[in-house]
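Enquirer: Sequence and computational prediction follow.
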Amino acid sequence: YNMKKICNRKNKLFCDVILMFAKYVIEKIKEIKTKMCYEIIRKSNECTYEGLRVIESGLIGLIRKAKGAEKLLIPILFVLFSLGGAVFGMGEEALPFTMILCPLFVAVGYDSVIAVLVTYVATQIGFGSSWMNPFSVGIAQGIAGIDVFSGAGFRMVMWVVFTALGCGMTMFYASKIKKTPTISIAYKTDAYFREQNEKTGIDEGHSFGLGHILVLLTLAATVVWVIWGVMTQGYYMPEIATQFFIMGIVSGVIGVIFKLNDMKLNDIATSFKDGAKDLIGAALVVAMAQGIMQVLGGSDPTTPTVINTIMYNISNALSGVSGAVAAVLMYLFQSVFNFFVVSGTGQAAITMPIMAPLSDLLGVSRQTAVVAFQLGDAFTNLIVPTSGCLIGSLAIAKIEWSNWIKFMWKFLGVLMIGAIITILIAVGIGF
């Protein structure tokens with residue numbers, strides 16, 4: 001009888017797990033389907049209509065004209081992508097650009113790691129040190145009950161410092177790879193891009209004319225349009241997808257008119273298909289990486305879940321310590337918690353309702369609590385395997401996550417030390 005009872009309990013537990021996932025699928029299928037469609041459409045349009053090849057031609061043309069000064073591209077790109085993360089929460093939008101830059105950096109003597117650093121990593125540094133990101137800072141400040149986007153001056157300085165720090169480390173690494181390419185963790189996997197460059201002749205035969213300039217201006221105009229829409233009109237996935245779709249059409253028409261890469265009308269549809277094919281794997285990884293949230297019970301702060309239990313116990317453990325220590329511990333907690341909830345919006349919704357009032361008890365200002373949240377939320381995105389954007393970027397660059405960790409832990413360590421110093425300064429000046 002007891003064995004039968006145990007078996008029934010195991011069967012019930014198994015059924016509960018199956019039902020949990022089934023319920024999740026039923027409740028979220030429309031959201032995931034819609035989001036994934038928009039992601040694929042948006043990213044495909046960044047890659048399609050020969051847009052990637054046009055941007056690639058433009059960058060290669062600039063590199064050739066620079067005559068050995070291609071290293072200057074690293075700080076320029078790093079600052080631009082960091083700014084994108086700071087202004088409108090750029091993250092997954094960097095994936096198509098990683099695809100562009102991997103063969104480019106390999107062609108000029110660097111490696112695919114640098115392509116990930118100047119795109120995805122830069123966006124996360126900007127995301128974490130942002131002064132106006134509506135998806136993390138804005139939501140966290142709203143939940144904490146302080147003026148949205150207040151404290152912008154301190155955060156702007158923070159963004160400049162962390163962007164310069166990340167850019168400096170990237171350039172230092174680039175100089176080492178330039179001298180000794182074989183020390184790169186991606187040297188073996190970059191053979192794919194070296195072979196691709198040999199087949200496509202990436203180093204030669206790229207003209208850069210009026211058509212290319214118009215496509216690049218179209219891209220720049222779209223980025224400005226996206227920033228304006230997100231910041232002033234509340235644009236999100238449907239609107240952003242439409243914006244990039246329009247950009248793709250305009251770029252395609254320009255490509256046909258100027259015969260970029262001998263482009264014809266039928267190539268528009270073909271390029272769309274090829275762009276979607278190149279990114280479908282990364283898009284699926286982004287979706288599957290979100291599954292851990294459901295395993296832990298979801299992100300609803302009002303329901304009894306594993307995540308909320310962790311939050312409750314951590315909040316009790318922090319009580320009774322000094323303000324400076326409490327602020328640092330809050331940052332470290334947010335960093336660890338980010339493994340379970342990668343979404344900045346989701347993490348703010350779960351943690352800030354507890355951290356905001358807890359900060360009052362611990363002698364930490366709510367503004368500093370938000371700083372601890374945003375730094376902890378972003379920087380560990382550079383290593384956590386639950387981040388779909390990270391895994392997608394690494395998949396595009398052909399870098400294994402285990403190899404990435406071997407390289408990134410020092411980089412992340414410097415950023416975390418900088419974050420702790422920043423939090424201590426915030427406590428010291430009463431920010």
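Expert: Received, thanks. Numbering: from 1, shown residues only.
Enquirer: With adjacent residues omitted, what lies nearest to the spatially most central residue of the chain?
Expert: Centroid-nearest residue in the chain: residue 91, 2.9 Å away (criterion: C-alpha atoms, centre = their mean). Counting by C-beta to C-beta, 6 or more residues apart in numbering, residue 91 lies nearest to residue 389, which is 4.9 Å off, once chain neighbours are set aside. Backbone N, C-alpha and C define where each C-beta goes, glycine included.
Enquirer: how many other residues sit next to residue 196?
Expert: Residue 196: 15 surrounding residues under other C-beta atoms under 10 Å.
Enquirer: Report the buried residues of the helix or strand harbouring it.
Expert: Counting by DSSP states H and E, the element that carries residue 196 is helix 191-200. Neighbour-count burial for helix 191-200, with 16 or more other C-beta atoms under 10 Å as criterion, is recorded at 192-193, 197.
Enquirer: Out of the residues you listed, which one has the lowest pLDDT?
Expert: The member of these with the lowest pLDDT is residue 197, at 77.
Enquirer: Isn't it up against residue 106?
Expert: Yes: because the distance of 6.7 Å satisfies C-beta atoms under 8 Å, residue 197 is recorded as touching residue 106.
Enquirer: returning to what we had before: can you report phi and psi for the residue nearest to residue 91?
Expert: phi -70, psi -40 (degrees, to the nearest 10).
Enquirer: how much space between it and residue 368?
Expert: 27 Å (C-beta to C-beta, to the nearest Å).
Enquirer: These two: who's more crowded?
Expert: residue 368 (27 against 23).
Enquirer: contacting residues for residue 149?
Expert: By C-beta atoms under 8 Å, 6 or more residues apart in numbering, the contact list for residue 149 reads 131-132, 137-138, 141.
Enquirer: Mark which of those are part of strands, please.
Expert: Per DSSP state E, strands hold no members of those.
Enquirer: Can you add distance to residue 72, neighbour count and pLDDT and give these back as CSV?
Expert: Below are the contacts of residue 149 laid out as CSV (distance: C-beta to C-beta, whole Å; neighbours: other C-beta atoms under 10 Å; pLDDT from 0 to 100):
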residue, distance to residue 72, neighbour count, pLDDT
131, 26, 19, 87
132, 27, 17, 79
137, 31, 30, 86
138, 34, 18, 80
141, 36, 24, 86
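Enquirer: Now flag whichever of these is closest to residue 268.
Expert: residue 132 (35.9 Å; C-beta to C-beta).
Enquirer: three-state assignment of the nearest residue to that closest one once chain neighbours are set aside?
Expert: Take residue 132 and drop its neighbours on the chain: the residue closest to it by C-beta to C-beta, 6+ apart is residue 149, 5.4 Å away. Of the three states, residue 149 takes coil under DSSP: H, G, I helix; E, B strand; the rest coil.
Enquirer: what's the spacing between residue 149 and residue 368?
Expert: Using C-beta to C-beta, residue 149 is found at 16 Å from residue 368.
Enquirer: swap in residue 86?
Expert: Remark: distance between residue 86 and residue 368 (C-beta to C-beta) = 19 Å.
Enquirer: again, but for residue 265
Expert: Per C-beta to C-beta, residue 265 is found 57 Å from residue 368.
Enquirer: Residue 160 too?
Expert: Counting by C-beta to C-beta - residue 160 and residue 368 are separated by 19 Å.
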